[in-house]
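Participant: Fold the following.
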Amino acid sequence: MINFYEEQVDHKPVISEAELSDQQVMQELKEIRAELGEKVVVLGHHYQQDDVVSLADHTGDSLQLAKDAAKLSAEYIIFCGVHFMAETADMLTSKDQKVILPDMNAGCSMADMANRIEIDRCWKNLTDATDEKIIPITYINCSALLKDFVGANEGAICTSSNAKKIITWALDQGEKLLFFPDQHLGRNTCFELGIGLDEMIVYNPNLQDGGVSAEQIKKAKVILWYGYCSVHQGFSAEQVNTVKKNSPDTTVIVHPECNFETVQASDDNGSTAYIIETIKNAPSGSKWAVGTEINLVNRLSQWFPDKEISSLSPYQCLCTTMYRVRPRWLLESFRSIKRGEAINVIKVPEDVKNNSLKALDRMLKIS
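Facilitator: You can find the predicted model right below:
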């Protein structure tokens, strides 16, 4: 994992359990927030815990929060998410604004499955094998260096909300697509766009030459990176079939980061925003089994008590890195701002930011 933390990274002890109770943490947070006023804005991803989401000024999925960040004028933006989200927010805000990540260990296992050295090596293998134009698309769940690569090579960034639009655009620009780091979002989206599974190959950087031959590259329309989301790996077609057998009137809806078999077995699939909107507009009394992160599933059942909503998986499919962000770490961020020495500031170098912004701007324009 490569992070760009150029500014001060505070190594002082954070607020301990013994220092303040959870109630005291929330109370002090409210007091400092009132004192700082519009100087600080808090962004919270849907996968965060309820107590963190309750403190957010803006909540959403990756696409919505990127759009929100681009419009903000606050001096400090505290991003309750993971490192790649904070990097994206930094790139979309001005030099005078500071983006803070409450816990520097809040990363993303999927983002860590692709690094710039591996992508550069993959790109050379692909371009050596074919003269056809390849357009690189990266899922927003990646480091700034990979966004930089995409921007430098005429590609764009996508989220699960706009993947169809971005991939359609990409295939209008070139003959082939390199999609990374999530193979499942790439496969599921391309299949829905009418691209056959036999036109897709998986490139695994852990294998020699990615585990694919030059002939396979020439024949393929889509080259998928081998990465995946550890949370959505927890859902299976077997779980879908069990729900349908035991409760035929339950609608199964899953995130497209789930594997192909799970998505095909389900009744519907879509981004976090799509899942929320679909269940919101569903008839009262309807039943839903949802294949996505458990914090969001639990929140959906709270938001829409007139519907029966449960997780597709019998296990707790939890995003453990999102779970690292807690109110007391958020309070430490607020305290540092109040002291005039903000900690955990995320800053992407200008040379990386320039090409990354090209890719981000393409995404926002296409979306």
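Participant: looking at this, Ser94 is in a strand?
Facilitator: No - applying DSSP: H, G, I helix; E, B strand; the rest coil, one finds Ser94 to be coil, outside a strand.
Participant: Quick one: end-to-end distance for stretch 340-350.
Facilitator: The straight-line separation of the ends of stretch 340-350 (CA to CA, to the nearest Å) is 24 Å.
Participant: in the lowest-mean-pLDDT helix or strand in the chain, what's buried?
Facilitator: Every helix and strand in the chain was compared by mean pLDDT, DSSP states H and E; the lowest is helix 62-71, with a mean of 88. Applying a neighbour-count criterion of 16 or more other CB atoms under 10 Å, one finds 62-66, 68-69 buried in helix 62-71. C-beta coordinates here come from the backbone N, C-alpha and C atoms, glycine included.
Participant: now stretch 193-205
Facilitator: 195, 200-205.
Participant: so which of the residues you listed comes closest to Gly285?
Facilitator: Nearest to Gly285 among the buried residues of stretch 193-205 is Ile195, at 37.9 Å by CB to CB.
Participant: right, and the closest one touches Val222 too?
Facilitator: Yes - using CB atoms under 8 Å, Ile195 is in contact with Val222, at 6.1 Å.
Participant: residue boundaries of the helices in the stretch 151-300 of the chain?
Facilitator: Taking DSSP state H, counting those that start in this stretch, the helices of the stretch 151-300 of the chain run over residues 163-173, 183-192, 214-219, 237-246, 260-265, 272-280, 294-303.
Participant: Quick one: mean pLDDT over the strand or helix carrying Lys353.
Facilitator: Element membership of Lys353 [criterion: DSSP states H and E] is helix 350-366. Averaging pLDDT along helix 350-366 gives 93.
Participant: Is Ile135 part of a helix or strand, or is it coil?
Facilitator: Three-state assignment for Ile135 (three-state DSSP): strand.
Participant: and it, bridged to which residues?
Facilitator: Leu177 (DSSP bridges).
Participant: follow-up on the earlier one: the helix holding Lys353 - contacts with which helices or strands?
Facilitator: With contacts taken as 3 or more CB pairs under 8 Å, 6 or more residues apart in numbering; DSSP states H and E, helix 350-366 sits against helix 62-71, helix 83-92, helix 144-152, strand 156-158, helix 163-173.
Participant: how about those, which one is nearest Val231?
Facilitator: helix 62-71 (13.9 Å).
Participant: and the closest one, what does it pack onto?
Facilitator: Contacts defined by 3+ CB pairs under 8 Å, 6+ apart place helix 62-71 against strand 40-45, strand 58-60, strand 76-80, helix 83-92, helix 350-366.
Participant: Can you lay out these as TSV showing distance to Gly210 and mean neighbour count?
Facilitator: Shown next, in TSV, are those (distance: least, CB to CB, whole Å; neighbours: other CB atoms under 10 Å):
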stretch	distance to Gly210	mean neighbour count
strand 40-45	31	23
strand 58-60	34	18
strand 76-80	33	27
helix 83-92	23	27
helix 350-366	22	18
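Participant: Thr251: which of the ones you listed is closest?
Facilitator: strand 58-60 (23.4 Å).
Participant: Counting by contacts, list what the closest one packs against.
Facilitator: strand 40-45, helix 62-71.
Participant: quick one, the last one and helix 163-173 angle?
Facilitator: Note on geometry: by axes from the mean of the first three to the mean of the last three CA atoms, to 10 degrees, helix 62-71 and helix 163-173 are set 80 degrees apart in direction.
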